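In: The sequence and its predicted three-dimensional model are supplied below.
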Amino acid sequence: MIPKVAARGSDVAGLLRYLYGPGRREEHSNPHLIAAWDSARPLAKLEPLIGGQGRVEVRALARLLEQPVHCGQYPPAQPVWHCSVRNHAADRILSDGEWAHVAREMVAGAGLAAHGDTRAVRWVAVRHAVDHIHIVATLVRQDGATVWLPKGLWRRCQLTARRLEIQYGLRRVGPPDYTGHRYPDSVEISEAVRAGRSGTLREELRGRVRVAAAAAGTEDEFFDVLGGSGVLVRLRTSDHAGQACGYAVALPGVRTAAGQPIYFGGGRLAADMTLPKLRMRWSVASQVPPGSPRPAVNRHARVTALRQAGQAAQDAARAVGDSARSDGNGVQATMVAAADLLVTVARAYERDWCGPLHRAADYFDRAARGRYGWVAAPTSRSQELRAHARLIWLMGRVSGDDDAYAALRLVLQLGRLADAIAQLRAAQLRLHQARDARIAGLALRRVAAGGRATVAVTATSRPTPARTGGGGRRTRHGGHL
């Protein structure tokens, strides 16, 4: 359950007109009131009328909500408070009565209208979809006192939502763990849909940079791998030293209307992909020295490398499983290095950047990353895993039955490591990462068993429901829908 508090406004009628209207993409269906302030008249009498030409007349309801504002002592310039509360798509559909209870709990938890306070602010809850509601309130009490929103309002709403998730058996969101990427905006998603790509430009570049960071042992190799994968690289140098202090990447086939490449800096891709944080990965020399000759590439050598990596992944799974007795920094470094190993295996096994292993690697990476982009200090185990990742990259693509079998054995061991990470994240109450680790583990086991991993692509568009008329609202005599 996700509560989202919008910016305060001043136009109650305009907001109600939008909530009762068809929506920007005809997505509003059956808009109607489900709850209102304690001293309100019955909902049937508050429900807006349908006038001529099917227009919803919300002025009467807006005037009722605005009465305390007009009579208040020192009303604020922007007295309209708006909050939407949305459930996950996999949750059961709540009834109007259940959503009404959610609305009452949310306004009480936000400090706007305590239970039983008949002189509190006036508010209404509108439902125009099966999975969410909108709460509209005016920030002047009925006794004329202005309500000043308390500090930590966002946190209060989140705590209320967490309690309601448990009460109704909904999907638990969990407290924020500050490990997520910046969500793509509507422009990026629309551009990806028009271009027929399964992910946005930012997500594709993030995946290519992740592969290059895992495959490289030095900064120069990192930029060489990026250039070899067809990525445009632009360096940013410091003024006083003339050394590189940052980078930006772009795809040559994606350009602006003026014909310029669309660059994304490392920090805009992920918090741990800035150049200083990537240098921390390469601060300790890997077991394959930089600049050393390329290892012999044949099927026997590739099988040996994959088997050794599988043993290292098995040891890492055991270490993460025993993490209650292990150093936290070492476990974090191990998990991130294992994510690097998985992404190089995915690149060696699949030719498609959007294949099931690549998508599983993305979930694995989300489960392994540290908060706020924290990069743990390297350990001997993380160095070993990264050395195996770099070696698998240098060995090239999997091309035969023997090395494919060894690669799938390695994938299975990484699936068991994902299960251990899920248990660790659940014990840490980092529920988002625990869920991502479970998804990655399930997908990896299916790939190892020869099945197809059912991992959803990142850039998706939700279908727009068909608009329905009426919506249970009262119709003025002589009017029509």
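Out: Here it is on my side, so go on.

In: drop to CA atoms for contacts and neighbour counts, all remaining ones
Out: Noted.

In: Show me what the strand ranked longest in the chain is packed against.
Out: Using DSSP state E, we find that the single longest strand of the chain is strand 132-141. Applying 3 or more Cα pairs under 8 Å, 6 or more residues apart in numbering; DSSP states H and E, we find strand 132-141 packed against helix 59-71, strand 80-86, strand 121-127.

In: ok, residues contacting that strand?
Out: By Cα atoms under 8 Å, 6 or more residues apart in numbering, the surrounding residues in contact with strand 132-141 are 19, 65-66, 68-69, 72, 75-76, 79-87, 99, 103, 112, 119-127, 146-148.

In: Go again with 7 Å.
Out: Strand 132-141 is contacted from outside by 65-66, 68-69, 72, 75, 79-87, 103, 119-127, 146-147, using Cα atoms under 7 Å, 6 or more residues apart in numbering.

In: How about stretch 441-454?
Out: Contacts with stretch 441-454, where a contact means Cα under 7 Å, 6+ apart, come from 356, 360, 408-409, 411-412, 415-416, 418-419, 455.

In: Could you pull out the helices in the stretch 151-300 of the chain for me?
Out: Using DSSP state H, counting those that start in this stretch, the helices found in the stretch 151-300 of the chain span residues 153-168, 186-195, 201-215, 219-228, 266-269, 275-281, 299-321.

In: coming back round to it: mean confidence score for the longest strand of the chain?
Out: If you average the pLDDT over strand 132-141, you get 94.

In: for this structure, what spans make up the strands?
Out: Under DSSP E, the chain gives strands at 2-5, 32-36, 49-50, 56-57, 80-86, 121-127, 132-141, 232-237, 244-250, 264-265.

In: same for the second one, what does it pack against?
Out: Put plainly, it is strand 32-36. Using 3 or more Cα pairs under 7 Å, 6 or more residues apart in numbering; DSSP states H and E as the contact test, the elements touching strand 32-36 are helix 96-109, strand 121-127.

In: most tightly surrounded among those?
Out: strand 121-127 (a mean of 25; mean count of other Cα atoms under 10 Å).

In: tell me the angle that strand makes with strand 132-141.
Out: Calculated by axes from the mean of the first three to the mean of the last three Cα atoms, to 10 degrees, strand 121-127 forms an angle of 170 degrees with strand 132-141.

In: quick one: strands adjacent to strand 121-127?
Out: Within its sheet, and counting by DSSP bridges, strand 121-127 is paired with strand 32-36 (antiparallel), strand 132-141 (antiparallel).

In: Lowest average pLDDT across the strands of the chain?
Out: Lowest mean pLDDT within these: strand 49-50, a mean of 82.

In: Contact partners for the residue lying closest to Val233 once chain neighbours are set aside?
Out: Take Val233 and drop its neighbours on the chain: the residue closest to it by Cα to Cα, 6 or more residues apart in numbering is Val249, 4.7 Å away. By Cα under 7 Å, 6+ apart, the contact set of Val249 is 231-234, 263-265.

In: What's opposite Val249 in the beta bridge?
Out: Val233, Phe264.

In: Could you check how far it is from Ala406?
Out: Here the criterion is Cα to Cα, to the nearest Å. By it, Val249 lies 34 Å from Ala406.

In: Give me the below-cutoff pLDDT ranges for the stretch 301-450 of the chain.
Out: Within the stretch 301-450 of the chain, the ranges that satisfy pLDDT under 70 run 324-327, 352-353.

In: If we use 50, what do you get?
Out: Scanning the stretch 301-450 of the chain with the threshold set as pLDDT under 50 gives no residue ranges.

In: if we can go back for a sec, which of the helices of the stretch 151-300 of the chain comes out lowest on mean pLDDT?
Out: helix 186-195 (a mean of 80).

In: Report all helices and strands that that one contacts.
Out: Based on contacts counted as 3+ Cα pairs under 7 Å, 6+ apart, there is no element that helix 186-195 packs against.

In: ok, so what distance separates Glu191 from Tyr263?
Out: 15 Å.

In: ok, those two, which is more surrounded?
Out: Tyr263 (21 against 14; other Cα atoms under 10 Å).

In: how many neighbours does the closest residue in space to that one that isn't next to it in sequence have?
Out: Spatially, and ignoring its direct neighbours in sequence, Tyr263 is nearest to Ala250 (4.6 Å; Cα to Cα, 6+ apart). Other residues within reach of Ala250, judged by other Cα under 10 Å, total 22.

In: residues contacting Ala250?
Out: Contact partners of Ala250, counting by Cα under 7 Å, 6+ apart, are 231-233, 261-264.

In: roughly how far apart are it and Ala257?
Out: On the measure of Cα to Cα, Ala250 and Ala257 end up 15 Å apart.

In: Distance of the residue lying closest to Asn87 once chain neighbours are set aside relative to Leu94?
Out: The shortest distance from Asn87 to any non-neighbouring residue, by Cα to Cα, 6+ apart, is to Met1 (4.5 Å). In this view, Met1 and Leu94 are 12 Å apart by Cα to Cα.

In: ditto for Arg119
Out: Using Cα to Cα, Arg119 is found at 29 Å from Leu94.

In: Met280 too?
Out: Counting by Cα to Cα - Met280 and Leu94 are separated by 48 Å.

In: if we can go back for a sec, ok, which of the strands paired with strand 121-127 comes nearest Thr304?
Out: Thr304 sits nearest to strand 132-141 of all the strands paired with strand 121-127, at 53.5 Å, using Cα to Cα.

In: Quick one: work out the angle between the closest one and helix 59-71.
Out: Using the same axes, to 10 degrees: strand 132-141 against helix 59-71 is 30 degrees.

In: Mind listing what's buried along strand 132-141?
Out: The neighbour-count check on strand 132-141 (16 or more other Cα atoms under 10 Å) flags 132-141 as buried.

In: contacting residues around the spatially closest residue to Trp154 that is not a sequence neighbour?
Out: If the residues on either side of it in the chain are set aside, Trp154 comes closest to Val5, at 7.4 Å by Cα to Cα, 6+ apart. By Cα under 7 Å, 6+ apart, the contact list for Val5 reads 82-84.

In: which stretch among the helices and strands packed on strand 132-141 comes nearest Arg206?
Out: Closest to Arg206 of the helices and strands packed on strand 132-141 is strand 80-86 (Cα to Cα; 28.7 Å).

In: What's the local residue count around Ser399?
Out: By other Cα under 10 Å, neighbour count at Ser399 equals 13.

In: ok, now how distant is it from Trp37?
Out: Using Cα to Cα, Ser399 is found at 68 Å from Trp37.

In: What of Asp365?
Out: 46 Å.

In: Mind listing what's buried along stretch 20-36?
Out: 20-22, 27-36.

In: Report the two of the residues you listed separated the most.
Out: Farthest-apart pair in the buried residues of stretch 20-36 is Glu27 and Ala36; separation 23.5 Å (Cα to Cα).

In: what does stretch 108-128 rub up against?
Out: Contacts for stretch 108-128 (Cα under 7 Å, 6+ apart): 28-39, 65, 103, 107, 133-143, 153, 156-157, 160.
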